[in-house]
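Participant: Next input, structure requested:
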Amino acid sequence: MTAAAQKSTKVACGNCGATNRVPAVANGIPRCGKCSTPLRWVVDATDDEFHAVVDESSLPVLVDVWAPWCGPCRMVSPALEKLAGELAGRLKLVKVNADANPEVSRQFEVRSIPTLVILDHGQVIDKQIGARPEPQLRSWLESKLPRKA
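Facilitator: Below is the predicted model:
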């Protein structure tokens, strides 16, 4: 079992409040064990884990390439996490520290941060550079994500 497959995060269900463990890598959509509501899926990934966490995801992935010293990155992060909750079941948010993971930065030709990349089954759907207000991020994401079934 890979390190990525063993990682998990505790997430409170947005519907019932129950605490759930959400794995970094999973088949399907993480759902609450109590009420079956889709859960917010946010994962920190390294260069070594990136393929397993992103390319094999059953959901579209928003990759956030950021750095801890970057003011705009710190401003946009809470908005991205909120949107990941609102779009639970439609989106997986994967955060990659550019300083610690240069291979991911090279893969997406990151020249400025934050850089946001939407992937679906490993294919780039769209890319955005720089921080944006939450309403603009929401509009951008919703225009690029597949419609709900």
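Participant: pretty sure Gly89 is touching Ser36, no?
Facilitator: No - applying CB atoms under 8 Å, one finds Gly89 not in contact with Ser36, separated by 10.5 Å. C-beta coordinates here come from the backbone N, C-alpha and C atoms, glycine included.
Participant: the more surrounded of these two?
Facilitator: Using other CB atoms under 10 Å, the more surrounded residue of Gly89 and Ser36 is Gly89, with 16 against 11.
Participant: quick one: secondary structure of that one?
Facilitator: Following DSSP: H, G, I helix; E, B strand; the rest coil, we place Gly89 in the coil state.
Participant: tell me the pLDDT at it?
Facilitator: With respect to pLDDT, Gly89 scores 92.
Participant: who are the neighbours in contact with the residue nearest to it when sequence neighbours are not counted?
Facilitator: Nearest residue to Gly89, sequence neighbours excluded (CB to CB, 6 or more residues apart in numbering): Pro38, at 2.9 Å. Residues near Pro38 by CB atoms under 8 Å, 6 or more residues apart in numbering: 29-32, 88-90.
Participant: isn't Val124 right next to Glu109, touching?
Facilitator: No - under the criterion of CB under 8 Å, Val124 lies out of contact with Glu109, with a separation of 10.5 Å.
Participant: Which one's more surrounded, the two?
Facilitator: Between Val124 and Glu109, counted using other CB under 10 Å, the more crowded position is Val124 (12 against 9).
Participant: before we move on, the earlier item: who does the residue nearest to Gly89 form a beta bridge with?
Facilitator: Bridge pairing for Pro38 (DSSP bridges) gives the partners Arg31.
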